[in-house]
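Colleague: fold the following and give me the result.
(chains A and B)
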Amino acid sequence: MKLIVNGRDEILDREMTILEFLQTKGIDPSVVVVEYNLDIADREKWGEITLKDSDKLEILQFVGGG
Amino acid sequence: MNDKLIIGGKEITNRFFTGTGKHPNNAIIPQIVEEAKIEVITVALRRVDLTSPQENILNYIPKDCILLPNTSGARNAEEAVRIAKLARACGCGNWVKIEVISDNKYLLPDNYETVKAAEILVKEGFVVLPYVSPDLMVAKALEDAGAAAVMPLGAPIGTNRGLQTKELIRILIDEIKLPIIVDAGIGRPSEAAEAMEMGAAAVLANTAVATARDPVAMAKAFSMAVEAGRKAYMAGLGPVRKEAEASSPLTGFLD
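Modeller: Residues are numbered from 1 along each chain as shown, chains lettered A, B, ... in the order given. This is a model prediction of the structure:
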């Protein structure tokens, strides 16, 4: 299954939720915000949304800026 | 004297705002906040690098700071709205500095797209602080749109060239009822003080602090200059004259 995550192809070898995806990538879910197919995904639903082929994810976090 | 700046229902004592960009390390940020008593601080939103996740900048910003996320990276109103909503979804309040830039040489804001974004974001319940080139008609449009402040640039971002747009900012201060917060280009505390003496409501400087030899001391210097400038404005500057007027009595000399 192929996703597009932050503009890049990402191959998943099994089904997983958004939350599981973040965990496999070593990303602390509490510090990011996720856009799922161009809509903001509610934090509470990350454990319920199962990723499908061709889904688009944007995973963002605050960084230094002026 | 109660001279608080009120934006989005929040009382702000320190009228010097700063940013979190370009610092040599994140650990310096809490020192700056503490030493300069920073109350409003900017951050940006970016894609997480999946190959090497970065530190969370929020860990370095004391919780009582007002977080002002910018929409840097947005090239039009639509992108600015999208970034603002994502920033709000991070759960750190509803303030946003609208920054719409499509000019890569001077990083000048797109005033037209900024007004469009402001109109949408105000309706969405954001406290909207738009970064603009100082233009009276644009500032009026932002006022009509319900912006919380107007943030005109002193000079292009990151240039440390000072209050190059002084005359245009003066017009905004005179004509616009919203707080005018001078943002971008301010390089020295004296320039920040000058903006405040003119009646600016606040000053935001990031690069001038972050690129100083001692950013913590420079942040403190900016806070002091902004406070001094504000006090001078409130005290009312004395008149400027062409010819001398003696400060000491001219009578009563020895013959």
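
Colleague: how about the residues of chain A by chain B?
Modeller: Residues of chain A found near chain B (CB under 8 Å from any CB of the partner chain) are A:5-8, A:10, A:25-28, A:31-33, A:35, A:40, A:43, A:58-66. All C-beta atoms are positioned from the backbone trio N, CA, C, and that covers glycine.

Colleague: so which residue of chain A comes closest to chain B?
Modeller: residue A:65 (2.6 Å; CB to the nearest CB).

Colleague: how many residues are close by the closest residue to that residue other than its chain neighbours?
Modeller: Residue nearest to residue A:65 in three dimensions, not counting chain neighbours: residue B:44, with 2.6 Å by CB to CB, 6 or more residues apart in numbering or on different chains. A count of nearby residues for residue B:44, using other CB atoms under 10 Å in any protein chain shown, gives 24.

Colleague: so what's the closest residue to residue A:13 other than its chain neighbours up against?
Modeller: Nearest residue to residue A:13, sequence neighbours excluded (CB to CB, 6+ apart): residue A:1, at 7.9 Å. Neighbour list for residue A:1: A:11, A:12, A:13, A:15, A:51, A:52, A:53 [criterion: CB atoms under 8 Å, 6 or more residues apart in numbering or on different chains].

Colleague: out of those, which is nearest to residue B:18?
Modeller: Among the contacts of residue A:1, residue A:51 lies closest to residue B:18 (CB to CB), at 39.2 Å.

Colleague: isn't the residue nearest to residue A:65 right up against residue B:21?
Modeller: Yes - using CB atoms under 8 Å, residue B:44 makes contact with residue B:21 at a distance of 6.9 Å.

Colleague: name the residues contacting each of those two.
Modeller: In contact with both residue B:44 and residue B:21: A:64, A:65, A:66, using CB under 8 Å, 6+ apart.

Colleague: for the first one, which non-adjacent residue is spatially closest?
Modeller: So that's residue A:64. Closest to residue A:64 by CB to CB, 6+ apart is residue B:20, at 4.0 Å.

Colleague: what's near enough to touch that neighbour?
Modeller: A:63-66, B:26, B:29, B:41-43, B:57, B:60-61, B:206 are the contacts of residue B:20 under CB under 8 Å, 6+ apart.
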